[in-house]
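[1] what shape does this take:
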Amino acid sequence: MPASLSDPQAALTDAVRRRFGSGTTVDNVVQATLGGSNRTLLFDLVEGSARRRLVSREETFSGETNPFLSPAQQFRIMAHVHEAGVPVPEPIFEYDGEDALGPGFVTAFVAGETLPRRLLEREDRTAILRQLAEALVRLHALPAGQDDPAHPLAFLNSIPESGDPVAAMRLRIDSLDEPHPALELGLRWLETHRPPERPRSIVHGDFRNGNFMVGEQGLAALLDWECTHLGSGVEDLGWLCTRSWRFGQEARHAGGFGTREDVIAAYAAAGGPRLDADEIRWWERYGLVRWAMYNILQAHGFERGRRSPAYAVCGRNTALMEYDLLMTLKGSYD
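    A predicted model of the protein is given here:
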């Protein structure tokens, strides 16, 4: 059994000693999550009397059906946006072939809460939404490097979603090789109701309630950069507002934190363009198609014996996304 599974402390100790010297040790190792594509371990890096809390993130699922960026690409993105002042955990080092863990990387630990329902119980939801809009405006304003092969994120140009998002989604769904009429209807609607084109920006790609670390002072870090690509920055706002991420707060479209009008106003106040609600709605519907596609992929992983039974539930989730999509296209849902 790999050291990352049987003895994570030993594996982490070897990894940090290669970077920080033989006098360093690892203590207080805790497995925080075993997510859809990653395992997260929290640990203390001890150097003499100094102790620093760090986070190890390892990829646990890969293959030709995996639509996510590699850990190495995620690390490069985080390093780039961290240097530009976007709130992300500080990148520390990547794992390499000599480490018993990985592929993956280590970042600084950021204290806070990520559970959506707990965040929605906070009284400072309006302030959090404003901070989220500010972080997005800063991210979307960064040079995207689409015409510069020397740009540190030039690899994003080769990602299908960095081109035509609808065409890329159709290719993803066609590759599933199973009928989904509701998704085909959704794709057709998206093709015939396209929003205005915007300059390409760096898009987080999974900007939703659950991927934000919120501390005592509000937003502390944006997490989970495996879906990053180039495109319209409005996609991030639409994904935040997609019905799946409201967690029962139907009157607060923007991740349960506020209405569409609230997030539009916050984005404009932070220096972004004043957006139209219908443009965000287009990306919400795109988000429902996309989320259904991801759920199908997760179910396929279970069927092929590469995922735990928990991922079988994703097959049922697909039907829920299709239902939401149809009701949204019908106009029954806002």
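[2] show me where the protein has its strands.
    For the chain, the strands defined by DSSP state E occupy 24-34, 38-47, 50-59, 91-94, 104-108, 201-203, 212-215, 218-222, 229-231.
[3] to residue 309, which of those strands lies closest?
    Residue 309 lies closest, by C-beta to C-beta, to one member of the strands of the chain: strand 24-34, at 13.3 Å. C-betas here are computed from N, CA, C, even on glycine.
[4] partners of that closest one in the sheet?
    Applying DSSP bridges, strand 24-34 is found paired with strand 38-47 (antiparallel).
[5] so which bits of the partner strand are buried?
    Residues 38, 39, 40, 41, 43, 44, 45, 46 are the ones in strand 38-47 that count as buried (16 or more other C-beta atoms under 10 Å).
[6] got it, and stretch 188-203?
    By neighbour count on 16+ other C-beta under 10 Å, the buried set for stretch 188-203 is 189, 190, 195, 200, 201, 202, 203.
[7] the residues you listed: which two are farthest apart?
    The distance between the two most remote of those (C-beta to C-beta) is 27.0 Å, for 189 and 202.
[8] under the pLDDT cut-off, which ranges of the stretch 201-334 of the chain? List them.
    305-308 (pLDDT under 70).
[9] could you redo the last one with a cut-off of 50?
    For the stretch 201-334 of the chain, not a single residue meets the criterion pLDDT under 50.
[10] can you get me a residue count around residue 139?
    Per other C-beta atoms under 10 Å, the neighbour tally for residue 139 reads 23.
[11] ok, now which ones touch it?
    Residue 139 makes contact with 81, 86, 201, 202, 204, 222, 233, 236, according to C-beta atoms under 8 Å, 6 or more residues apart in numbering.
[12] just residue 257 next, same as before
    Applying C-beta under 8 Å, 6+ apart, the residues contacting residue 257 are 119, 120, 125, 126, 128, 129, 132, 209, 263.
[13] and if you look at residue 161?
    By C-beta under 8 Å, 6+ apart, residue 161 lies in contact with 168, 169, 205, 227, 229, 231.
[14] okay, residue 11: pLDDT?
    Looking at residue 11, its pLDDT stands at 92.
[15] what are the ranges of the helices in the stretch 1-150 of the chain?
    With DSSP state H, counting those that start in this stretch as the criterion, the stretch 1-150 of the chain has helices at 3-6, 8-20, 71-83, 116-120, 125-140.
[16] and the ones you listed, which one's lowest on average pLDDT?
    Sorting these by mean pLDDT places helix 3-6 lowest, at a mean of 50.
[17] spatially central residue in the chain, please.
    residue 206 (3.2 Å; C-alpha atoms, centre = their mean).
[18] please tell me I have it right and it contacts residue 235.
    No: under the criterion of C-beta atoms under 8 Å, residue 206 is not in contact with residue 235, lying 10.5 Å apart.
[19] about what we covered before: which among the contacts of residue 257 count as buried?
    For those, buried by 16+ other C-beta under 10 Å: 119, 120, 125, 128, 129, 132, 209, 263.
[20] just to check, the fifth one is in contact with residue 254?
    Right, the one you point to is residue 129. Yes: between residue 129 and residue 254 there is a contact at 6.1 Å, judged by C-beta under 8 Å.
[21] okay, now the closest residue to residue 196 other than its chain neighbours: neighbour count?
    Computed as C-beta to C-beta, 6 or more residues apart in numbering, the closest residue to residue 196 that is not its neighbour in sequence is residue 279, at 7.2 Å. Counted with other C-beta under 10 Å, the neighbours of residue 279 add up to 17.
[22] show me what contacts residue 279?
    Taking C-beta under 8 Å, 6+ apart, we find residue 279 in contact with 195, 196, 234, 238.
[23] format those residues as a markdown table; extra columns: distance to residue 25.
    Below are the contacts of residue 279 laid out as a markdown table (distance: C-beta to C-beta, whole Å):
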| residue | distance to residue 25 |
| --- | --- |
| 195 | 53 |
| 196 | 56 |
| 234 | 47 |
| 238 | 46 |
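[24] tell me the contacts of residue 296?
    176, 178, 180, 314, 315, 318.
[25] and with 7 Å instead?
    Counting by C-beta atoms under 7 Å, 6 or more residues apart in numbering, residue 296 makes contact with 176, 318.
[26] and for residue 133?
    Residue 133 touches 263, 266, 267, 270, counting by C-beta under 7 Å, 6+ apart.
[27] buried subset of these, written for PyMOL?
    Here is the PyMOL command that selects the buried residues among the contacts of residue 133 (16+ other C-beta under 10 Å):
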select buried, resi 263+266+267+270
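[28] and which of the contacts of residue 133 is nearest to residue 136?
    When the contacts of residue 133 are compared against residue 136 (criterion: C-beta to C-beta), the nearest one is residue 267, at 6.6 Å.
[29] give me the contacts around stretch 311-320.
    Applying C-beta under 7 Å, 6+ apart, the contact partners of stretch 311-320 are 292, 295, 296, 298, 299, 301, 302.
[30] what separates residue 123 from residue 257, distance-wise?
    Counting by C-beta to C-beta, to the nearest Å, the gap between residue 123 and residue 257 amounts to 12 Å.
[31] check residue 69 too.
    Plainly put, residue 69 is 26 Å away from residue 257 if you go by C-beta to C-beta.
[32] before we move on, the earlier item: between the contacts of stretch 311-320, which is closest to residue 21?
    Looking across these and measuring by C-beta to C-beta, the closest to residue 21 is residue 301, at 39.6 Å.
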